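**Q** A predicted structure for the sequence below; I have some questions about it.
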Amino acid sequence: MEDWMLQPPRGMNDWTPDKYYSLMSIARRFSTVAESFGYSAIETPALEHLEVLKAKAGEEVINEIYYLRDKAGRELGLRFDMTVPVARVLSYRRDFPRPIRLYYVSKVWRYDEPQFGRFREFYQFGVEHVGSPTVQSDAEVLALAVKALEAVNLPQLTVRVSDRRIMDQVLEKLGINAARDAVLRVLDKRGKVPDEELVRLLVKEGVEEGKAKYLVDLAGVNTPIGESIDELRRLGISDQLINYFESLSKTLTHYNVADRVRLDLSIVRGLDYYTGFVFELYTDRIKLAVGGGGRYDELLRIYSGEDVPAVGFAIGIERVMLALGELGDSQPPVDFYIYPMGPEQYGVGVRIAENLRGMGFRVVLDVGKPSLRSALEYASKIRARKFIIIGRREMENNVARVRDLETWSEEDVPLNRLLKQ
RNA sequence: GCCCCGGUAGUGUAGCCUGGUACAACACGCGGGCCUGUGGAGCCCGUAACCCGGGUUCAAAUCCCGGCCGGGGCCCCA
């Protein structure tokens, strides 16, 4: 076999136990937080009908879909997020009482060029909160995301929130006809390219220079959510929206997460389907966002035909792991390693192993290492805590020799203690 | 779509700039021995590699070209 074939496909990872346990422990903590908010787990097929995926994806995302034709000629694609499959499921399960609270820890696939923190196959933890249009829903979802990341001790977590409606209102007020998406796209570059360059790009999109400068200034807004109201008033945002942000801020304060949240009007989040509140999750450990989300009240219509309000987020678990460094959990140790000296003692070994397993211990039974020495060495390497020797001498006295691999001490333990029910 | 870097035993590295001193070194791993029921340490022995194809040269892991593969940056995103 060629060497390159032995590596996983580009952009994908082999989750060997040494790494997989940190991933699972993070996933478990996330799930625990989601369930504490009353969210239920959902999973769907990795493959979807290509048309279902295309219906939501923008032009750029379509190019990132892994697709294939099955033996019956069906065109299928691997899901690139969980929002689409969940929307599809909800479109035929109208019986779920609303609002529907779902969470997932699932693999998704995107045919991107791999880079730091960017993979072709990766895990997302996320929630979909479907059926409620209220500010309370937005706050709940944002708070859940923050609590989840706090539960894995992600350092220096900050949330940047914005709202599609703010820019929409401003654009309308200024009478700017240029394509909204194009303008948002330019403003999204703020911080990466100089402001003067942004102005120039906006002018190129057909925006007058004065208005362009105002827009760039606007995108520069970055204040703690608690102090954002005055800022929004100054910008001439409608009372309705200001009230929204006031309640959002207040509710986040009650959740005790407001101090992590900033209003940052340069946050745009893609081009596709967000209709209101949007947010991105950052840590100072890595440059990339570890997650993001927002409200998409019109997305469900694609599948169900009716507008259903919805809000959600997704967190990239590998990115969280990168940000945490080596802090994750490792493979758990083995509690007992049982070594019968010979075939005559193997039966007793099985019975002891089964009894200890029944008590909840992790037990490895030797399957025929050549010598006691090498079995001991092996047990030490797999981080076994105790090593049980059963040989002729022990059997004659109805005991087993129990060696503590951590303290290097040894004692005889009566067999009936190891075999008691 | 554009740009940069890299590819040496199973793994991680050294050597490459300044071609020959190297049947390529070190660590971990793996196999065995010292050691016949136990210090899992230590020592010894063994195992196993220069991505592929051309070129330059008396001589290439080392320089040049192409390919394949990988990593990272821009863009975009989790």
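**A** On my side now, so go ahead.

**Q** so what's the nearest residue to A:Glu48 once chain neighbours are set aside up against?
**A** Setting aside the residues directly before and after it, A:Glu48 is nearest to A:Arg79 in space (Cβ to Cβ, 6 or more residues apart in numbering), at 5.5 Å. C-betas here are computed from N, CA, C, even on glycine. Applying Cβ atoms under 8 Å, 6 or more residues apart in numbering, we find A:Arg79 in contact with A:44-48, A:53, A:85, A:108-109.

**Q** show me the shaky parts of the stretch 51-200 of chain A.
**A** By pLDDT under 70, the low-scoring segments of the stretch 51-200 of chain A are A:59, A:177-181, A:191.

**Q** ranges for the strands of it?
**A** A:67-69, A:75-78, A:100-109, A:121-130, A:157-163 (DSSP state E, counting those that start in this stretch).

**Q** just send those back as CSV, with distance to RNA strand B and mean neighbour count too.
**A** As requested, the strands of the stretch 51-200 of chain A are exported to CSV (distance: least, Cβ to the nearest atom of the strand, whole Å; neighbours: other Cβ atoms under 10 Å):
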stretch, distance to RNA strand B, mean neighbour count
strand A:67-69, 16, 12
strand A:75-78, 13, 19
strand A:100-109, 8, 22
strand A:121-130, 4, 24
strand A:157-163, 12, 22
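
**Q** now the residue most central in space within chain A. Nearest residue, chain neighbours left out?
**A** Nearest residue to the geometric centre of chain A (Cα atoms, centre = their mean): A:Phe125, 2.9 Å. Excluding the flanking residues, the one nearest A:Phe125 by Cβ to Cβ, 6+ apart is A:Phe30, at 4.3 Å.

**Q** tell me, how many residues neighbour A:Gly210?
**A** Per other Cβ atoms under 10 Å, the neighbour tally for A:Gly210 reads 10.

**Q** any idea of the pLDDT on it?
**A** Looking at A:Gly210, its pLDDT stands at 80.

**Q** got the CA coordinates for the host helix or strand of it in CSV?
**A** For A:Gly210, the host element (DSSP states H and E) is helix A:209-219. C-alpha atoms of helix A:209-219 as CSV (Å, rounded to 0.1, in the frame of the first residue of the first chain):
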residue,chain,number,x,y,z
GLU,A,209,-18.4,59.0,-0.2
GLY,A,210,-20.0,60.8,2.7
LYS,A,211,-22.4,57.9,3.4
ALA,A,212,-19.6,55.4,2.9
LYS,A,213,-17.6,57.1,5.6
TYR,A,214,-20.6,57.0,7.9
LEU,A,215,-21.1,53.3,7.3
VAL,A,216,-17.4,52.5,8.0
ASP,A,217,-17.7,54.6,11.2
LEU,A,218,-20.8,52.6,12.1
ALA,A,219,-19.0,49.3,11.5
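
**Q** touching RNA strand B at all, it?
**A** No. Shown here: helix A:209-219 not in contact with RNA strand B (Cβ under 7 Å from any atom of the strand), separated by at least 13.1 Å.

**Q** one step back: including distance to A:Val186, could the strands of the stretch 51-200 of chain A go into a markdown table?
**A** A markdown table is the format used below for the strands of the stretch 51-200 of chain A (distance: least, Cβ to Cβ, whole Å):
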| stretch | distance to A:Val186 |
| --- | --- |
| strand A:67-69 | 31 |
| strand A:75-78 | 31 |
| strand A:100-109 | 28 |
| strand A:121-130 | 28 |
| strand A:157-163 | 15 |
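
**Q** tell me which of the ones you listed lies nearest to A:Gly220.
**A** Nearest to A:Gly220 among the strands of the stretch 51-200 of chain A is strand A:157-163; the distance by Cβ to Cβ comes to 12.2 Å.

**Q** okay, now the sheet partners of the closest one, with direction.
**A** Strand pairing for strand A:157-163, using DSSP bridges, gives strand A:261-264 (parallel), strand A:277-283 (antiparallel).

**Q** closest to RNA strand B out of those?
**A** Among the strands paired with strand A:157-163, the nearest to RNA strand B by Cβ to the nearest atom of the strand is strand A:277-283 (6.7 Å).
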